[in-house]
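S.K.: For reference, the sequence and a predicted model appear below.
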Amino acid sequence: MKQSPESNKIKIGAIYPLSGSLAPVGREIRRALSLALDIVNNEFHLPLPLAQTIGLPRLKNRKIQLVFADTKGDPAQGRIEANRLIEQEGVVALIGAYQSNVTEVASLISEAKNIPFLNPDSSAPSLTKRNFDWFFRTGPDDQLFTDLFFELFRFLQSRGENLSQFGILSEDSEFGLEASAIEVRSIRRFGAEITDIEIYGQPIPSLPLLIQRIRSSNPQVVFGQQFLSDAIQAVQALKAIGWFPDGWVVQDAGYVVPEFLQSVGEDGNYIISRAAWALGLGQLKPLVKKVNQLYQSRYGEDMNETNARSFTGFFVLADAINRAGNTDPYAIREGLKQTSIPGEKLIMPWRGVRFNQQGQNVLADGMLVQILDREYRIIWPPNLAETGVIWPAPSWNER
């Protein structure tokens with residue numbers, strides 16, 4: 001009996017928060033992955049991997065099917081869905097899962113079942129320190145991003161700015177706790193004082209109260225790591241108490257998705273965030289503009305920092321499957337290990353993609369962006385910068 005075109009497709013499981021408080025993030029990631037799928041499965045005149053062919057050439061042009069699973073933002077649900085995708089859907093690989101704590105659990109299932117797991121969008125350093133054989137991360141980790149912040153701080157210090165006192169406000173997930181620990185070490189190495197650390201869980205306590213505590217310790221810089229709803233509340237709390245430090249610097253998460261600025265508007269200005277991607281890269285890389293135009297024509301909005309990472313991760317995984325020449329998980333894993341994609345074939349500001357023995361892309365890099373006039377403008381490193389940093393940030397009554 002002849003196979004239907006659908007049954008001949010190669011299944012990849014995409015595991016993301018499609019409902020709950022992170023549903024807007026999951027929706028945008030799903031859109032980016034769907035665009036990447038279309039580019040690989042059909043012919044596009046773009047220098048992206050596999051864009052100029054139909055399907056996977058080394059597998060007789062077979063096409064890929066994405067099977068989405070909803071984690072609901074919950075690690076336990078992530079474990080259930082990872083198992084279902086492998087055991088019931090028969091996926092040959094997994095991609096996901098945005099939150100580091102969900103990625104940790106879901107990738108543990110793939111490790112136990114010998115299925116490759118490609119992670120484009122979780123940044124906890126511990127994920128690539130588990131001695132796993134089946135886990136690969138394309139993006140930078142929190143240590144690399146935090147190092148960029150301190151490059152900027154040393155530059156600001158050199159021009160006479162006072163950066164001697166730091167505060168931290170963080171939610172208590174794996175992402176938040178690991179980022180906070182890195183910040184503490186980095187602040188100490190910088191020779192500055194940690195004036196206050198406020199770590200909170202769910203249900204969220206009064207953010208104005210926590211921020212007021214930080215304010216009373218008088219830091220010039222506050223690190224924040226919050227997902228979407230918390231990020232919105234943090235900005236609202238800052239305005240409610242009438243305070244904004246010289247620098248409110250954040251580890252992306254909720255601060256870089258479109259819904260954030262849609263909610264806080266001009267009040268989001270002057271926040272500085274780490275980023276793996278920004279639309280301003282199009283000034284240096286025409287491919288960024290071309291891909292964003294495709295995305296915009298389909299969905300009526302620009303790509304963002306989060307789903308650009310997911311978009312790129314899909315191409316890396318598809319490239320490895322094509323290189324493997326078959327859908328055996330061991331062959332796909334070997335294909336991932338052999339990955340060598342140059343930066344000019346990506347929309348990211350990376351030198352390329354090449355994995356080390358821990359599964360970390362050693363060619364990944366990052367940037368810092370500042371929100372100015374409701375746009376994410378690249379301010380660091382200098383070779384990518386669109387504009388200079390505004391420091392100190394103006395107070396609320398000066399805006």
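M.R.: Cool, got the structure. Numbers count the residues shown, from 1 in each chain.

S.K.: check contacts around the closest residue in space to residue 43 that isn't next to it in sequence.
M.R.: With sequence-adjacent residues excluded and distances taken as C-beta to C-beta, 6 or more residues apart in numbering, residue 43 is closest to residue 54, at 5.4 Å. For every residue, glycine as well, the C-beta is placed using N, CA and C. The contact partners of residue 54, taken as C-beta atoms under 8 Å, 6 or more residues apart in numbering, are 41-43, 61, 63.

S.K.: who wins for most neighbours among those residues?
M.R.: residue 41 (20 neighbours; other C-beta atoms under 10 Å).

S.K.: what's near enough to touch that one?
M.R.: 54-55, 63-64.

S.K.: Adding pLDDT and secondary structure, write these out as a markdown table.
M.R.: Formatted as a markdown table, the entries for those read as follows, by pLDDT from 0 to 100; DSSP: H, G, I helix; E, B strand; the rest coil:
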| residue | pLDDT | secondary structure |
| --- | --- | --- |
| 54 | 97 | coil |
| 55 | 97 | coil |
| 63 | 98 | coil |
| 64 | 98 | strand |
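
S.K.: Out of the residues you listed, which is nearest to residue 33?
M.R.: Each of the contacts of residue 41 was checked against residue 33 using C-beta to C-beta; the closest is residue 64, at 10.3 Å.

S.K.: Identify the nearest residue to that closest one in space, disregarding sequence-adjacent positions?
M.R.: Going by C-beta to C-beta, 6+ apart, residue 64 has residue 10 as its nearest residue, at 5.0 Å.

S.K.: which residues of the chain fall in helices?
M.R.: Counting by DSSP state H, the chain forms helices over residues 23-41, 75-87, 100-112, 142-158, 174-190, 207-216, 228-240, 258-264, 286-299, 305-324, 329-337, given from the N-terminal end onward.

S.K.: so which of the ones you listed is the most packed in?
M.R.: Each of these was assessed for mean neighbour count using mean count of other C-beta atoms under 10 Å. The highest is helix 305-324, with a mean of 25.

S.K.: between that helix and helix 329-337, what angle do the directions make?
M.R.: Between the axes of helix 305-324 and helix 329-337, defined by axes from the mean of the first three to the mean of the last three C-alpha atoms, to 10 degrees, the angle is 120 degrees.

S.K.: quick one: contacts for residue 100?
M.R.: With contacts defined as C-beta under 8 Å, 6+ apart, the neighbours of residue 100 are 122-124, 127, 173-175, 178.

S.K.: can you redo these as JSON lines with distance to residue 320 and pLDDT?
M.R.: Putting these into JSON lines (distance: C-beta to C-beta, whole Å; pLDDT from 0 to 100) gives the following:
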{"residue": "122", "distance to residue 320": "19", "pLDDT": "93"}
{"residue": "123", "distance to residue 320": "21", "pLDDT": "90"}
{"residue": "124", "distance to residue 320": "23", "pLDDT": "91"}
{"residue": "127", "distance to residue 320": "18", "pLDDT": "96"}
{"residue": "173", "distance to residue 320": "29", "pLDDT": "87"}
{"residue": "174", "distance to residue 320": "26", "pLDDT": "87"}
{"residue": "175", "distance to residue 320": "26", "pLDDT": "88"}
{"residue": "178", "distance to residue 320": "27", "pLDDT": "92"}
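
S.K.: which among the residues you listed gets closest to residue 357?
M.R.: Proximity of the contacts of residue 100 to residue 357 (C-beta to C-beta) peaks at residue 127, which lies at 14.3 Å.

S.K.: quick one: contacts for residue 69?
M.R.: Listed by C-beta under 8 Å, 6+ apart, the contact partners of residue 69 are 13-16, 81-82, 84-85.

S.K.: again but with residue 250, I slipped
M.R.: With contacts defined as C-beta under 8 Å, 6+ apart, the neighbours of residue 250 are 223-226, 231, 271-274.

S.K.: Including distance to residue 111, could the residues you listed go into CSV?
M.R.: Shown next, in CSV, are the contacts of residue 250 (distance: C-beta to C-beta, whole Å):
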residue, distance to residue 111
223, 31
224, 32
225, 26
226, 29
231, 31
271, 37
272, 36
273, 31
274, 28
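
S.K.: what's the closest of the contacts of residue 69 to residue 354?
M.R.: Taking C-beta to C-beta as the measure, residue 354 sits nearest to residue 14 out of the contacts of residue 69, at 23.6 Å.

S.K.: That closest one: neighbour count?
M.R.: 25.

S.K.: How much space separates it from residue 317?
M.R.: 10 Å (C-beta to C-beta, to the nearest Å).
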